[in-house]
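Asker: whatever this is, show me its structure:
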Amino acid sequence: AWRNLSLAHFNPWIAAVQLEGESSGDLQWLLGGAEQMDLYADLRATARVQHGSEDLVLDEVLVDLAWDRQGLELDGQVDFGLGGQVRLAAESPQPGQLALPDPLNFRVSWDKFLLERLEGFVPAGVELEGEWLGNLDGRLGPGSILAVEGNSRVSEGFLRRRDEDGEWSVALRQAELLWQWREETLQGELDLTLGDFGEATASFQLPLPARLATAFEDDGAVSVQAQAHMREQGLLEMLLPGLAEDIAGELTLDAQVGGTWQDPRWQGDFSLTKAGATLPAAGLVLDDIEIAGRIVERRVEVESLRLRSGPGELTGRAQLDLEDFSAPVYSGEIKGREVQVMNLPELQIQVSPDLTFRGHPDALAVKGKVHVPVFLVYDWQNEGMVKPSSDVEIVGRESEPEPARPFDLDLNVHVTLGERVVLQAKGLDAR
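Answerer: Model (predicted):
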């Protein structure tokens with residue numbers, strides 16, 4: 001038996017973490033040979049676990065264990081400082097012995113875990129609210145073979161982002177995961193509803209044998225199916241602040257994964273409809289955006305792209321080849337007529353492109369032609385003083401190195417100008 005034992009006494013033997021708190025308990029162990037053992041334990045503790053800059057507070061740890069001729073019974077509970085509780089129960093008809101009980105039935109449940117505790121794992125300005133709870137029931141049988149099933153869900157969930165431009169939020173109406181781990185597979189279902197933003201469902205079956213020591217089987221069959229229908233109402237603005245405003249649209253996805261764990265096969269369809277966006281920096285309003293495509297193994301094909309900008313329309317198609325994930329290859333074509341690309345008081349530009357492109361992360365090649373029917377510049381003002389010519393050298397000043405190119409660019413584009421090309425700036429009036 002021990003009373004009020006300081007957990008700091010164990011710190012010299014566990015350098016990875018530091019412990020604070022105290023423990024009290026009783027332990028009785030009666031050994032009657034290799035085939036007979038009676039073990040009784042009663043443990044009470046409070047603790048603070050420090051790992052680097054992170055602290056884990058355990059308000060209360062309770063463990064009651066009895067393992068004798070009648071079998072094993074175990075009850076445990078851990079209460080965390082800022083919300084969260086874990087309960088453990090286990091039982092076995094196996095009399096006490098110096099070996100794992102066979103079989104062993106167990107149940108683990110957790111609730112009241114606050115999502116606010118994930119603050120350090122989400123982007124700055126993003127807040128999570130809600131509670132995470134779940135449970136699992138399992139059985140450990142001969143040969144360390146497992147049979148486990150369980151569920152996990154988020155209740156009263158909320159996702160919020162605050163910045164200087166205001167606040168954006170979405171309710172997690174439903175987020176639930178059900179799973180089973182038996183024999184040679186891990187399988188489950190996911191159901192997600194993001195307030196008014198849409199819903200997504202998925203099911204999966206993975207080749208992970210249900211054993212204590214396990215690993216995914218390379219030649220085991222994989223089956224994953226996912227469907228989603230999402231309505232854009234500010235989510236992209238939250239994830240990509242400053243790039244665009246008033247983003248709207250409906251995204252539909254129906255995807256499947258087959259094949260094996262080592263060689264998965266992807267397929268599916270996706271579409272974006274009823275979409276639009278505003279690009280404030282260019283003064284543009286993009287309307288009637290529609291995208292349709294499909295996924296074929298390791299290739300993503302955008303079969304059609306269409307949008308309106310100003311008086312014109314842009315169309316296109318593209319392909320992304322992911323056969324080598326470290327060096328993806330993309331290609332496609334863009335066509336349009338009188339597409340507005342700048343719409344500012346001092347700068348108006350419309351273009352009619354007919355281009356093809358092909359590239360990878362280190363290089364891009366563009367070929368074709370671009371007609372510029374409208375190019376209007378009025379009173380363009382650059383801030384600051386007149387800059388000296390690039391060939392002027394100032395004694396005593398170190399020259400700044402030229403910035404490295406992000407990738408090699410190969411342009412073979414024929415540009416023609418239309419009749420509405422006007423330049424009026426700094427006393428210059430040209431057509």
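Asker: which residues of this structure score low on pLDDT?
Answerer: Applying pLDDT under 70 to the chain flags residues 33-34, 81-82, 118-121, 163-168, 233-243, 380-406, 425-431.
Asker: any idea how far the residue most central in space within it is from residue 196?
Answerer: Nearest to the mean C-alpha position of the chain, counting by Cα atoms, centre = their mean, stands residue 122 at 10.0 Å. Here the distance between residue 122 and residue 196 works out to 21 Å (Cβ to Cβ, to the nearest Å). The way it works is simple: take the backbone N, C-alpha and C, and place the C-beta from them, glycine included.
Asker: got a list of what the residue nearest to the centre of the chain touches?
Answerer: Applying Cβ atoms under 8 Å, 6 or more residues apart in numbering to residue 122 gives the contacts residue 128.
Asker: ok, residue 159 next?
Answerer: Going by Cβ under 8 Å, 6+ apart, the list of residues near residue 159 reads 126-129, 169-172, 194.
Asker: name the element it belongs to?
Answerer: Assigned by DSSP states H and E, residue 159 falls within strand 145-163.
Asker: now swap in residue 356 and tell me
Answerer: Once you assign secondary structure using DSSP H and E, residue 356 falls within strand 347-360.
Asker: output that strand as CSV, nothing but the C-alphas.
Answerer: Coordinates of each C-alpha in strand 347-360 appear next as CSV, following Å, rounded to 0.1, in the frame of the first residue of the first chain:
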residue,chain,number,x,y,z
LEU,A,347,-7.0,49.7,-67.1
GLN,A,348,-9.4,47.8,-69.3
ILE,A,349,-8.3,44.6,-71.0
GLN,A,350,-10.2,42.0,-73.1
VAL,A,351,-8.5,39.0,-74.8
SER,A,352,-9.5,36.3,-77.2
PRO,A,353,-7.1,33.4,-76.5
ASP,A,354,-6.5,30.2,-78.4
LEU,A,355,-3.8,28.4,-76.4
THR,A,356,-2.5,25.0,-75.5
PHE,A,357,-0.2,24.3,-72.5
ARG,A,358,1.8,21.5,-71.1
GLY,A,359,4.0,21.4,-68.0
HIS,A,360,5.2,19.9,-64.8
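Asker: who are the packing partners of that strand?
Answerer: strand 312-321, strand 329-337, strand 339-344, strand 363-378 (3 or more Cβ pairs under 8 Å, 6 or more residues apart in numbering; DSSP states H and E).
Asker: ok, residues contacting the shortest one?
Answerer: With Cβ under 8 Å, 6+ apart as the test, strand 339-344 has contacts from 282-284, 309-314, 348-353.
Asker: just the buried subset of these, please.
Answerer: Buried members of the contacts of strand 339-344, scored by 16 or more other Cβ atoms under 10 Å, are 284, 309-310, 312-314, 348-353.
Asker: bridging residues for residue 316?
Answerer: Beta-bridge pairing for residue 316 (DSSP bridges): residue 305, residue 334.
Asker: surely residue 422 touches residue 379?
Answerer: No: under the criterion of Cβ atoms under 8 Å, residue 422 makes no contact with residue 379, lying 11.7 Å away.
Asker: which one of these two is surrounded by more residues?
Answerer: Shown here are residue 422 and residue 379; by other Cβ atoms under 10 Å, residue 422 has more neighbours (14 against 9).
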